[in-house]
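In: This is a predicted model, with the sequence first.
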Amino acid sequence: MKTAKVYCADCHRKTGAELQLDAGRDNHLAAGVAQQTTDGVRQAYENADWWWHDCAMRALTWLADLQQPFSAFDLTELGVPEPDDHHRWGALFRAAATQNLIRCVGYAPSRRPTAGGSICRVWQGVSDDVDAPR
């Protein structure tokens with residue numbers, strides 16, 4: 001798989017007010033999460049640190065554009081730091097799937113060293129010319 005570092009350096013220099021403005025551009029994702037998921041997933045998404053969320057969404061979008069299978073650990077390998085709460089991964093992927101950016105294509109043992117080989121979802125970007133089921 002092709003690799004690249006995710007650049008979030010611009011996020012490091014932003015003030016809290018600027019990050020709040022950036023958060024507004026993801027309102028369409030938040031709306032999708034609110035409509036199609038549980039309260040816990042919605043809260044995990046809405047309460048995420050926006051710096052982390054921006055980095056994670058950039059990496060997820062980049063991987064989705066490759067049209068190759070990937071998991072949450074692939075985002076970590078690209079340089080996305082671990083979130084303050086591991087539930088944020090699920091909320092991020094749920095939001096992206098709700099907006100038809102990615103779809104689940106299967107399950108595999110996690111490559112994350114701390115996961116002990118537990119099963120995780122494998123995702124793939126949704127092609128613009130294919131109607132993928134959610």
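Out: Arrived safely, thanks for sending.
In: Please make it C-alpha for all contacts and neighbour counts, starting now.
Out: OK.
In: Quick one: the strands in this structure, in order.
Out: Applying DSSP state E to the chain gives strands spanning 102-109, 119-125.
In: what's the closest of the ones you listed to Glu77?
Out: Glu77 lies closest, by Cα to Cα, to one member of these: strand 119-125, at 15.1 Å.
In: Any chance you could list what contacts the closest one?
Out: Residues outside strand 119-125 that contact it (Cα atoms under 8 Å, 6 or more residues apart in numbering): 61, 63-71, 101-110.
In: ok, now stretch 63-83?
Out: Stretch 63-83 has contacts (Cα under 8 Å, 6+ apart) with 1, 3-6, 52, 55-56, 59-60, 89, 101-102, 105, 110-112, 120-127.
In: and that stretch, which residues are buried?
Out: 63-64, 69-76, 78-80 (16 or more other Cα atoms under 10 Å).
In: swap in stretch 83-92?
Out: Arg88, Trp89, Ala91, Leu92.
In: On the pLDDT front, check the third one for me.
Out: Spelled out, that is Ala91. pLDDT for Ala91: 87.
In: Report the separation between it and Pro69.
Out: 19 Å (Cα to Cα, to the nearest Å).
In: Need the nearest residue in space to Phe107, chain neighbours excluded.
Out: Not Phe; residue 107 is Tyr. Nearest residue to Tyr107, sequence neighbours excluded (Cα to Cα, 6 or more residues apart in numbering): Arg121, at 4.5 Å.
In: Where does the prediction get shaky in this structure?
Out: 1-45, 47-48, 129-134 (pLDDT under 70).
In: quick one: the helix ranked longest in it to strand 119-125, angle?
Out: If you go by DSSP state H, the chain has its longest helix at helix 50-65. Using axes from the mean of the first three to the mean of the last three Cα atoms, to 10 degrees, the inter-axis angle of helix 50-65 relative to strand 119-125 is 70 degrees.
In: Of the contacts of stretch 63-83, which count as buried by neighbour count?
Out: Of these, these count as buried by 16+ other Cα under 10 Å: 6, 52, 55-56, 59-60, 89, 101-102, 110-112, 120-126.
In: returning to what we had before: compute the inter-axis angle for the longest helix of the chain and strand 102-109.
Out: With the same axes, to 10 degrees defining the directions, helix 50-65 sits at 90 degrees from strand 102-109.
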